[in-house]
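Participant: sequence first, then the predicted structure, then my questions.
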Amino acid sequence: MLQAEATVSEWFQQLQNPVFDWLTSVISLLASEWFYVLIIPLIFWMFDKHLGFRLLYVYSFSMYLHVFLNQIVIIDRPAAGIQGNGLSTFPSGPVQAATTFWGYLIPEVARRSFSLLAVLMIGIISFVTLYTGAHLLFDVLGAVLIGSFIVYAAYRSLDWVGGMPDPFRFSFSLVLPCALLLLFPESAHYAGLLLGTGIGFSFEQVKVRMLISPHWSRKFLAAIVGLTGLFLIVYIGTFLSPTVLIHFLHFTFLGLWITLIAPYLFCASPPI
């Protein structure tokens, strides 16, 4: 397996040229964490809040699991082709995120053209990850399998979670993130995002009940207000103490902003 990984890595290194370097730099933007931080809230605010909530929750859990596995799974591998050698690289974060995000949307959209696009996006991001040498083949294959399993498990549990009485569902949104924080504090930011997302959406369903406007003027206004607050919260985080508790609370508030505070402001603003 290690020899096969080294062979694949060497083959991708032979492909490197200025044109491919530029293309991979552009495509890498679609694999960055910022892409999901922006696109998932926009889906929540502008198109379908239920889909946006599920995407944000599944994505956050997937990335929590990625950091967890990245810290506990240490695999000896050849040094060639790996950037930042000496650090654990399994599984590939960009590939796992892409598999989770695009894979979850395939049955939601349920169109052949979109399914092809989703598979193509996962394939392109996997190619770019191998091309840049940030990960080896085992990291990419493992990320695809883990992301696919998370998507499968999420859909299998939808009926079970959706059938819970509201008090039990709210308790679940509290207990799970706190348990994940205690289990692995290094993923405090994703545990906090899970907590804020779950609590925020539970209250939004009861107290706010945001209806997404069909008018694009209202959609764009929601996007501007929502993204302004999101960027401000992220920026404030650069001044905060980098402790586990602060990270947890900071991202809890980010989840609350996306699922509760911003929707409340949208509903409170006058129509245009």
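Facilitator: The structure has been received and is ready for your questions. Numbers count the residues shown, from 1 in each chain.

Participant: quick check: the residue nearest to the spatial centre of the chain vs residue 133, distance?
Facilitator: The geometric centre of the chain, computed from its C-alpha atoms, lies nearest to residue 59 (CA atoms, centre = their mean), at 3.6 Å. Here residue 59 is placed at a distance of 26 Å from residue 133 (CB to CB, to the nearest Å). C-beta: built from backbone N, CA, C; applies to glycine.

Participant: if we can go back for a sec, quickly note the distance from the residue nearest to the centre of the chain to residue 66.
Facilitator: Residue 59 is 10 Å from residue 66, by CB to CB.

Participant: follow-up on the earlier one: which other helices and strands does the host helix or strand of the residue nearest to the centre of the chain contact?
Facilitator: Using DSSP states H and E, the element containing residue 59 is helix 49-72. If you count contacts as 3 or more CB pairs under 8 Å, 6 or more residues apart in numbering; DSSP states H and E, helix 49-72 packs onto helix 33-46, helix 93-109, helix 137-162, helix 188-203.

Participant: average pLDDT for that helix, rounded please.
Facilitator: Per-residue pLDDT over helix 49-72 has a mean of 94.

Participant: please apply the same query to stretch 255-271.
Facilitator: Stretch 255-271 comes out at a mean pLDDT of 88.

Participant: quick check: buried residues in it?
Facilitator: Neighbour counts over stretch 255-271 (16 or more other CB atoms under 10 Å) mark 255-263, 265-266 as buried.

Participant: centre of the chain to that stretch, how far?
Facilitator: Remark: stretch 255-271 is offset 21 Å from the chain centroid, using CA atoms, centre = their mean, to the nearest Å.

Participant: identify the residues contacting that stretch?
Facilitator: Where contact means CB atoms under 8 Å, 6 or more residues apart in numbering, the residues beyond stretch 255-271 that reach it are 41, 44-45, 49, 53, 56, 60, 192-201, 203-204, 207-211, 218, 221-222, 225-226, 229-230, 233.

Participant: state the helix or strand in which residue 218 lies.
Facilitator: helix 216-237.

Participant: what's that helix packed up against?
Facilitator: So helix 216-237, by 3+ CB pairs under 8 Å, 6+ apart, packs with helix 33-46, helix 244-256, helix 262-268.

Participant: in contact with residue 191, which residues?
Facilitator: Taking CB under 8 Å, 6+ apart, one finds 64, 177-178, 180-181, 184, 248, 251 in contact with residue 191.

Participant: identify the contacts common to residue 59 and residue 66.
Facilitator: residue 97.

Participant: hmm, back to that, how far does the helix holding residue 59 sit from its chain's centre?
Facilitator: 5 Å.

Participant: could you list the low-pLDDT ranges of the stretch 51-200 of the chain?
Facilitator: 75-88, 159-165 (pLDDT under 70).

Participant: try 80
Facilitator: Along the stretch 51-200 of the chain, the parts satisfying pLDDT under 80 run over 73-89, 132-135, 158-169.

Participant: wait, doesn't residue 188 sit right on residue 248?
Facilitator: Yes - Residue 188 is in contact with residue 248 according to CB atoms under 8 Å; the separation is 4.2 Å.

Participant: so what sits against both of these two?
Facilitator: residue 181.

Participant: could you say which helix or strand contains residue 212?
Facilitator: Secondary structure (DSSP H and E) places residue 212 outside all helices and strands.

Participant: so what's it up against?
Facilitator: So residue 212 contacts 45-49, 219 (CB under 8 Å, 6+ apart).

Participant: top of those by neighbour count?
Facilitator: Ranked by the number of neighbours (other CB atoms under 10 Å), the contacts of residue 212 place residue 45 first, at 24 neighbours.
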